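# Could you look at this predicted model? Sequence included:
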Amino acid sequence: MVRFLVHRLLRVLLALWVIVSVIFLLSRTFAPPPLPGNLADGSLAVHTTTPAQRQAAEAELRQRLGLDIPLFYFSRARLPEQGLGFRWQWNGARNQYHHWLGQMGQAQLGNSFRDGRPVLELLGQSLRYTLPLTTGAALLTLGIAWLLAPRLARPSRLRTGLLTLLYVVDALPLFVVALLLLLLLANPDALAIFPSYGLGHEDVRAPWAQRLQLLAAHLALPVLALTLASLPALLVQLTAALNHELSADYVLTARAKGLPEALVIRRHAFRNALLPVLTLLTELLPSLVAGSVVVEMVFSLPGMGRLLAEAAAAHDYPVLLGGVLLIALVRILAQLLADWLYFQADPRIRLPV
């Protein structure tokens, strides 16, 4: 098992390096970074009066950001004596990609093009809000699925109505679900139960319980939106797997022994029903991280999703690449967790190397 996980980790890390490298090269090739006039931070935006001054300011800024050197180890150079002719030119280690790899080896993701702040600092600040949002939605989804799946496995009117409702919710895009929650539960014309956007004004002098209550009130609708978007697929799949297991011979034997139906489901059928949905369980957190981009934009939350959306709009590639790398790492860990859970749930499974 350990040998399999080590080999699998090496393979997925290689895939991660290839994916992020391709994104790095394509982003710098087809969408060059912004010039000084487009940068948001005033310390980087140099006011010029003549074209020569502007050109000098742009050259200085590109040198400061490391954009004045070639992009990769080799590039195409124009031959002046042949007009449209090109030749391949070796640039050596003095290129943007090599410099980026060196920063990655030192656990550094560079600095933002917009304000010069370290990317790790920006991601850390945004994760302070994204982690409670995604973790709360994941725990709520798992808890609801754990409680409802045994009840939905038995035929009843509740099962028919609830499954129909789940199919309807699953057909709606996430941003539609978020907007409907805003209109229903944060609208003075309907029910103004929760705040509609942001995190409110946090008073550091207030007691921690009051600040926690304020944070919970502002995160209630975003967590509910992510839960409603991720619950239908998981619950429907888990219910179908549980229905299949309840018709197995070992379940009939347990019932013949006189065990209560709830005990038969919890102790005997539920563990085997988890096998087909383990992949969905481990993909839950990466899916929630991806969905947080939409939810944080709708509810104006200062999380990682909003940070990446703003970085993409501003061509802030260090921040964008750092976010993509973090999401890819979460997905890789989810895949490794799925392999480990399959082995733990059923020791008969043999994992190839």
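Nice, I can see it. The structure presented is a predicted model; accordingly, all values stated were derived computationally and were not measured. Residues are numbered from 1 along each chain as shown.

# check contacts around the closest residue to Ala229 other than its chain neighbours.
Among residues not flanking Ala229 along the chain, Leu174 sits closest, at 4.6 Å (CB to CB, 6 or more residues apart in numbering). Just so you know, the C-beta spots here come from the backbone N, C-alpha and C atoms, and that holds for glycine as well. Leu174 is in contact with 225-226, 229, 291, 294-295, counting by CB atoms under 8 Å, 6 or more residues apart in numbering.

# Which members of the residues you listed occur in strands, if any?
Among those, DSSP state E puts none in strands.

# what stretches of the stretch 51-200 of the chain score poorly on pLDDT?
78-85, 200 (pLDDT under 70).

# just the helices in the stretch 1-150 of the chain please.
Along the stretch 1-150 of the chain, counting by DSSP state H, counting those that start in this stretch, helices occupy 2-30, 51-65, 96-105, 119-152.

# so the first one versus helix 96-105, what angle?
Orientation check (axes from the mean of the first three to the mean of the last three CA atoms, to 10 degrees): helix 2-30 against helix 96-105 gives 140 degrees.

# Counting by contacts, list what helix 2-30 packs against.
helix 96-105, helix 317-345 (3 or more CB pairs under 8 Å, 6 or more residues apart in numbering; DSSP states H and E).

# Which one of the contacts of Leu174 is nearest to Asp170?
Ala229 (8.2 Å; CB to CB).

# who are the neighbours in contact with that closest one?
Neighbours of Ala229 in contact, by CB under 8 Å, 6+ apart: 169, 174, 177, 291.

# Please repeat the previous calculation with a cut-off of 6 Å.
Applying CB atoms under 6 Å, 6 or more residues apart in numbering, we find Ala229 in contact with 174, 177, 291.

# Show the buried residues in the contacts of Leu174.
Neighbour counting with 16 or more other CB atoms under 10 Å marks 225-226, 229, 291, 294-295 as buried within the contacts of Leu174.

# min pLDDT across those residues, which one?
Across the buried ones among the contacts of Leu174, the bottom pLDDT score, 83, is held by Gly291.

# returning to that earlier point: what is the nearest of the contacts of Ala229 to Ala15?
The closest of the contacts of Ala229 to Ala15 turns out to be Gly291 (CB to CB; 23.0 Å).

# hang on, isn't that closest one packed against Leu228?
No. Gly291 is beyond contact range of Leu228, at 10.6 Å (criterion: CB atoms under 6 Å).

# Grab the nearest non-local neighbour of Ser75.
Nearest non-adjacent residue to Ser75, counting by CB to CB, 6+ apart: Gln89, 5.6 Å away.

# ok, that neighbour - how many residues close by?
For Gln89, the count of nearby residues is 11 (other CB atoms under 10 Å).

# got it, and the one 3 residues further on?
By the measure other CB under 10 Å, the count of residues near Gly92 is 9.

# Phi and psi next, for it.
The phi and psi values for Gly92, taken as degrees, to the nearest 10, are phi 70, psi -160.

# show me the contacts for it.
Counted by CB under 6 Å, 6+ apart, Gly92 has zero contacts.

# If we use 8 Å, what do you get?
Residues near Gly92 by CB under 8 Å, 6+ apart: Tyr73.

# what's the answer for Ile332, then?
Per CB under 8 Å, 6+ apart, neighbours of Ile332: 9, 12-13, 16.

# need those residues in TSV with neighbour count, can you?
Below are the contacts of Ile332 laid out as TSV (neighbours: other CB atoms under 10 Å):
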residue	neighbour count
Leu9	14
Val12	17
Leu13	13
Leu16	16
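
# just those now: which is nearest Phe343?
Proximity of the contacts of Ile332 to Phe343 was ranked by CB to CB; the top entry is Leu9 with 14.9 Å.

# mind listing the helices for the stretch 151-300 of the chain?
In the stretch 151-300 of the chain, the helices defined using DSSP H, counting those that start in this stretch lie at 157-171, 174-185, 208-246, 249-256, 261-264, 270-274, 278-282, 284-298.

# you'd agree Thr134 is up against Leu285?
Yes. At 6.3 Å, Thr134 counts as touching Leu285 under the criterion of CB atoms under 8 Å.

# more neighbours, those two?
More neighbours surround Thr134 than the other of Thr134 and Leu285, with 28 against 20 (other CB under 10 Å).

# Not counting its neighbours along the chain, what's nearest that one?
Leaving out its chain neighbours, the residue that sits closest to Thr134 by CB to CB, 6+ apart is Leu288, at 4.3 Å.

# tell me the contacts of the one you found?
Counting by CB under 8 Å, 6+ apart, Leu288 makes contact with 134, 137-138, 226, 230.
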